[in-house]
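Q: for reference, the sequence and a predicted model appear below.
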Amino acid sequence: MGQKLERIYQDRSKAEELKLKVDFSDHQNLRLIAPKEKDLRRTLHEGIYFQFTMSRHHFHIHAVVNRVQIDNQVLESVFPTVFHPVKPPKSVAAQAAPKPFLEGSVVVHRVQQSNVRQIKYLMVLIQEISVQVDMGFITNVVQVFAPDRWDDKREVEGYKRDEERVNKSLSESSAVMAAAKGQKMFIDFLHLSPIKVHISFSMDNPGSGDDGSSAVAPVEFIATLLKSIGVVLTDVQDVELRLSYFELTSRSMTEKQLLTSIRKHYTAQALKQVYALILGLDVLGNPFGLVNKVKDGVFDLFYEPYQGAVQGPEEFAIGVAFGVRSLVSHTVGGLFGAVSRITGTVGKGIAKLTFDDKYQRDLATSKDPKNVGEGLVKGTKGFLGGILHGVTGVVTKPFEGAKSSGVKGFFKGVGKGVIGLVARPVGGVFELASSTFQGISNTADLDAEVVRLRCPRFIDPSKVVHPYNLHNATGNFFLQLIDTGKFSQTDVYFAHSGILEKPKIVVIVTNKHVILMEEGGISFIDKGELKSPWSSELKGILQVQEYQSRDGPAIQFVLKSFKKTFFASKSQEHEMKAFKAPNKAAREYVIHKVKAAIDRFCPPSHK
């Protein structure tokens, strides 16, 4: 096999007048023999293809990106994915091979004694894409790139640069402006393909919370009311924008002029699609999307039988069945999806009036039901929960506010309880309707759901983005779900390790706690709830060590414990907790990380 590959390669090399020789005898260690002897490394890139060829008068670049998906790195988000290609219809996918998401090719003619660059051919093809963004994602991106503060040194440097520009002579300024115009180029043929974008946007910000610093004052109430109206009038889901292609032939211009022409073209195309955004509002039920779904169903009703008739009688019958199924599913899914969007958007607006951040966050990040059964269960649970929390909130909210913010928090809690007494049951009614209709819509919908490709990245409080670490991402994912997010708002992940296989027991170490968790088949795609049978504050741990129990090797925690006695109110004792851990490496890792966390996060008075 190696000799055959060598012969094919040498024949191709001769045909292209190349003087390269490669030794294929050892497939693990390829070597370049001529013109220089060097080691070669073989790599495989399934997602990206790049080719560059150059001759005396031309150079050619061909690049292909098969698939790109950008996931939202915030676990509690409205949209798990921010950007991904849209899968083609099944009828198209069955007849043709999958096309790359992005493909570009350019051929440039090189003229040595001319300052004019000649583009013989430039073409860019892009497939249908989906962009899904919520306000929480935008806020996080702005926080990453925004400077922490504007210091005086930076302001002085900016002033000096402006002063230098003012003091330049007119001739120097003219030279700079001439250079800024860019190099002239002649375009023989340029084509940018049409773009079809599915846009979804939500005003919800699940990552924001209430810091307890503001009371229920008239100003805050009006601001919240306006915000709730904003949610109703700005949430859109799966709105289609169709931008026409851009093409130039036999044109002379600079690079800046070319970019300006492209920008103006797509801006004009987007402005023509404003009606799609207005008719795509969730509060209206996205009538534009409903019409498109019915249109796709009618198209499949006629196109699928026609495609089958070309191949044979049996395929014609299959095409008829698939066409009817597509029409029914698109029509039913579109109608019930429209009603679900209307009721869901109104429900989110009412949720803003409850001033309950946890309720708003749970409602915004809840997973859509996959079928009618899940929709009924979710809706009923939301309806009964709305009544229960609305009634009990009148009593519990004032006490919760007093516990966190004293007298001011108490009166704030009274306001929350009174508003929630009305808003929570009403919101529960809309949640019941929305979930039920969404379940019916998803039952009829044939489109597959796009999910995250991996756990969201763990970003520590320093905000420094490190290379992706699956171990840390998985541990932080577990921490967010334990006891319905009990530790998600207060603790920061530090380390974790499994100590037992059956049942799967995991120890998670944070900046405040050591948590024992039982893993039960939870994945980052289908989030669930994880229970913690035991946890302890770091400051309550006196010692952690290996321990030989009757069941085998274990990890033992020596904890502070206070016990009431007859002669004294409290007396300090030591409590022992041991957990089976047969794996020596896991035991040593957990003990090391717990000690490291105590040394790092606990003040000396607690050690």
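A: Thanks, I have it.

Q: what's the helix or strand where I187 lies in contact with?
A: Assessed by DSSP states H and E, I187 sits inside strand 184-192. For strand 184-192, the surrounding residues in contact (Cβ atoms under 8 Å, 6 or more residues apart in numbering) are 115-124, 245-255, 258, 262. Bear in mind the C-beta positions are built from the backbone N, C-alpha and C, glycine included.

Q: that strand: which residues count as buried?
A: M185, F186, I187, L190, L192 (16 or more other Cβ atoms under 10 Å).

Q: would you mind writing the CA trace of the helix or strand that that strand is followed by as CSV?
A: Using DSSP H and E, the helix or strand that follows strand 184-192 in sequence is strand 195-202. Output in CSV follows, covering the C-alpha atoms of strand 195-202 (Å, rounded to 0.1, in the frame of the first residue of the first chain):
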residue,chain,number,x,y,z
ILE,A,195,-28.6,35.0,3.0
LYS,A,196,-31.5,33.5,4.9
VAL,A,197,-31.4,34.2,8.7
HIS,A,198,-33.7,33.0,11.4
ILE,A,199,-33.6,35.5,14.2
SER,A,200,-34.8,35.0,17.8
PHE,A,201,-34.5,37.6,20.6
SER,A,202,-35.6,37.8,24.2
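
Q: so what does strand 195-202 touch, helix or strand wise?
A: For strand 195-202, the elements it packs on are strand 129-134, strand 236-243, judged by 3 or more Cβ pairs under 8 Å, 6 or more residues apart in numbering; DSSP states H and E.

Q: that strand pairs with which strands, parallel or anti?
A: strand 129-134 (parallel), strand 236-243 (antiparallel) (DSSP bridges).

Q: and the helix or strand harbouring S340, what's buried?
A: Applying DSSP H and E as the criterion places S340 in helix 313-352. For helix 313-352, the neighbour count (16+ other Cβ under 10 Å) marks 316, 318-319, 322-323, 325-327, 329-352 as buried.

Q: name every strand pairing with the helix or strand where Y49 lies and say which way it goes.
A: Per DSSP H and E, Y49 falls inside strand 48-54. In the sheet, strand 48-54 lines up against strand 58-65 (antiparallel) (DSSP bridges).

Q: what does the strand it pairs with rub up against?
A: By Cβ under 8 Å, 6+ apart, strand 58-65 touches 47-54, 100-110, 120.

Q: repeat that for 6 Å
A: 48-53, 100-109 (Cβ atoms under 6 Å, 6 or more residues apart in numbering).

Q: let's see the pLDDT reported for the residue nearest to M517 when sequence neighbours are not counted.
A: Leaving out its chain neighbours, the residue that sits closest to M517 by Cβ to Cβ, 6 or more residues apart in numbering is V506, at 4.7 Å. Per-residue confidence (pLDDT) for V506: 89.

Q: my read is V506 is in a strand, agree?
A: Yes. Membership of V506 in a strand is supported by DSSP: H, G, I helix; E, B strand; the rest coil.

Q: what average pLDDT does the longest strand belonging to the chain get?
A: Longest strand in the chain, counting residues (DSSP state E): strand 552-563. Averaging pLDDT along strand 552-563 gives 80.

Q: what of stretch 122-140?
A: Stretch 122-140 shows an average pLDDT of 87 in the prediction.

Q: on that earlier part again, so which of the helices and strands packed on strand 195-202 comes closest to K408?
A: K408 lies closest to strand 129-134 among the helices and strands packed on strand 195-202, at 31.0 Å (Cβ to Cβ).

Q: what sits up against that closest one?
A: Under the criterion Cβ under 6 Å, 6+ apart, residues 78-79, 82-86, 197-202, 204 lie in contact with strand 129-134.

Q: right, and the helix or strand after that strand?
A: Counting by DSSP H and E, the element after strand 129-134 in chain order, helix or strand, is helix 135-145.

Q: can you mark which positions in that next one are buried?
A: Buried residues in helix 135-145, counting neighbours by 16+ other Cβ under 10 Å, are found at M135, G136, F137, N140.

Q: for the second one, give its distance to N72.
A: By that I understand G136. According to Cβ to Cβ, to the nearest Å, G136 stands 8 Å off from N72.

Q: still on that earlier bit, specify the beta-bridge partners of the residue nearest to M517.
A: Beta-bridge partners, per DSSP bridges, of V506: G498, M517.

Q: and the one 4 residues further on, by the same measure?
A: Going by DSSP bridges, T510 is paired in beta bridges with Y493.

Q: was I right about it contacting D491?
A: Yes. If you go by Cβ atoms under 6 Å, T510 and D491 touch, sitting 3.8 Å apart.

Q: ok, those two, which is more surrounded?
A: T510 (23 against 19; other Cβ atoms under 10 Å).

Q: the more buried one: what's it in contact with?
A: T510 neighbours (Cβ under 6 Å, 6+ apart): D491, Y493, F494.

Q: contact partners of stretch 393-403?
A: Taking Cβ under 6 Å, 6+ apart as the rule, stretch 393-403 contacts G409, F410, K412, G413, V414, K416, G417, G420, L421.

Q: make that stretch 292-308, sorry
A: Residues contacting stretch 292-308 (Cβ under 6 Å, 6+ apart): 91, 315-316, 318-320, 322-323, 326-327, 330-331, 334.

Q: quick one: residues contacting the closest residue to G390 other than its chain neighbours.
A: Spatial nearest neighbour of G390, excluding adjacent residues (Cβ to Cβ, 6+ apart): R424 at 3.4 Å. Listed by Cβ under 6 Å, 6+ apart, the contact partners of R424 are G386, H389, G390.

Q: could you say which helix or strand holds R424?
A: R424 belongs to helix 372-444, assigned by DSSP H and E.

Q: pull the distance from that helix to the chain's centre.
A: Distance of helix 372-444 from the chain centroid (Cα atoms, centre = their mean, to the nearest Å) equals 27 Å.

Q: tabulate the contacts of stretch 292-308 (a markdown table), appending distance to G379 and pLDDT.
A: Output for these, formatted as a markdown table (distance: Cβ to Cβ, whole Å; pLDDT from 0 to 100):
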| residue | distance to G379 | pLDDT |
| --- | --- | --- |
| S91 | 34 | 59 |
| E315 | 41 | 71 |
| F316 | 41 | 75 |
| I318 | 36 | 75 |
| G319 | 37 | 76 |
| V320 | 36 | 78 |
| F322 | 31 | 75 |
| G323 | 32 | 77 |
| S326 | 27 | 75 |
| L327 | 27 | 76 |
| H330 | 23 | 71 |
| T331 | 22 | 76 |
| G334 | 20 | 71 |
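
Q: taking these, tell me the two that lie furthest apart.
A: Spatially, the most separated pair among these is E315 and G334, at 27.5 Å (Cβ to Cβ).

Q: how many neighbours does M576 have?
A: 11.

Q: sorry, that was for K168
A: 12.

Q: next: H513.
A: Neighbours of H513 (other Cβ under 10 Å): 23.

Q: name all residues that make contact with Q143.
A: With contacts defined as Cβ under 6 Å, 6+ apart, Q143 has no neighbours.

Q: kindly recompute the last result at 10 Å.
A: Q143 makes contacts with K463, as judged by Cβ atoms under 10 Å, 6 or more residues apart in numbering.

Q: would you mind measuring from it to H466?
A: Taking Cβ to Cβ, one finds Q143 at 17 Å from H466.

Q: likewise D134?
A: Distance, D134 to H466, using Cβ to Cβ: 25 Å.

Q: all good on my end, thank you.
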